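Enquirer: Give me coordinates for this.
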Amino acid sequence: MKRSLQLVLFAAVAIGAATAGYLSNRGAETSAPAGLQAVSRETIDALLALRLPDTGGEEQALAQWQGKIIVANFWATWCPPCRKEIPDFSAVSQAMANEPVQFVGISVDAADKVREFDAEFQVPYPLLIAGTPVLELAAGFGNTARALPFTVILDRDGTVRHIKLGTLHREELERKIRALLAS
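Expert: Numbering: from 1, shown residues only. Below is the predicted model of the structure:
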């Protein structure tokens, strides 16, 4: 099979899986405390315990950002909705650079692809390379389809405050974070 046909088939399967996950979980966003009680402390602790390499190969522990609002975005370079939302995440990250907020991109992609993406888009927050096994963790947050993009927002106490399967737009993202900063 020709390489270009393989890539087209891979992309079609990936887009189909992401679309199926999105459609099956449309409206899956939940705000705390209602509806988030199902997220176990073990799942939150597992997220904070992640130690993953960044695009420079340096291992980063999510726990280093405890005490800040953490916006953990699960994504991949081959995911069109992910590519669409990252400029909004970058803009909000820059707009809130002086606030106790930390954005973290958790990629399910190969390191070289993430580095290429970062070089092209100049993402201002850490992009960590996890690979597809990290999607098991996403399932613990209710993303049973393991679809992308998927975002978890923790408050400064490490409590899940928002979960979103699908694209999170700039205005919505900024509004959610500002509400947590005000509380």
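Enquirer: Would you quantify the distance from residue 115 to residue 129?
Expert: According to CB to CB, to the nearest Å, residue 115 stands 9 Å off from residue 129. For every residue, glycine as well, the C-beta is placed using N, CA and C.
Enquirer: So for those two, which sits in the more crowded spot?
Expert: More crowded of residue 115 and residue 129, by other CB atoms under 10 Å: residue 129, with 22 against 18.
Enquirer: that older thread, can you list residues touching both of residue 115 and residue 129?
Expert: Shared contacts of residue 115 and residue 129, defined by CB atoms under 8 Å, 6 or more residues apart in numbering, are found at residue 55.
Enquirer: Toward the C-terminus, what is the element adjacent to the worst-scoring helix or strand of the chain on mean pLDDT?
Expert: The helix or strand of the chain with the poorest confidence is strand 30-31; it has a mean of 38 (mean pLDDT, DSSP states H and E). The helix or strand immediately downstream of strand 30-31 is helix 41-48, counting by DSSP states H and E.
Enquirer: So which elements touch that following helix?
Expert: helix 135-140, strand 150-154 (3 or more CB pairs under 8 Å, 6 or more residues apart in numbering; DSSP states H and E).
Enquirer: Now mean neighbour count too, for those, in a markdown table please.
Expert: As requested, these are exported to a markdown table (neighbours: other CB atoms under 10 Å):
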| stretch | mean neighbour count |
| --- | --- |
| helix 135-140 | 17 |
| strand 150-154 | 26 |
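Enquirer: ok, now which ones touch residue 111?
Expert: Here residue 111 is in contact with 53, 55, 57, 129 (criterion: CB under 8 Å, 6+ apart).
Enquirer: what about the residue nearest to the spatial centre of the chain, is that helix, strand or coil?
Expert: Nearest to the geometric centre of the chain sits residue 73, at 1.2 Å (CA atoms, centre = their mean). Here residue 73 is recorded as strand under DSSP: H, G, I helix; E, B strand; the rest coil.
Enquirer: That one contacts residue 150, correct?
Expert: Yes. Using CB atoms under 8 Å, residue 73 is in contact with residue 150, at 7.5 Å.
Enquirer: Strands along this protein, start to end?
Expert: All strands of the chain, identified by DSSP state E, fall at 30-31, 51-53, 59-61, 69-75, 101-107, 127-129, 150-154, 160-165.
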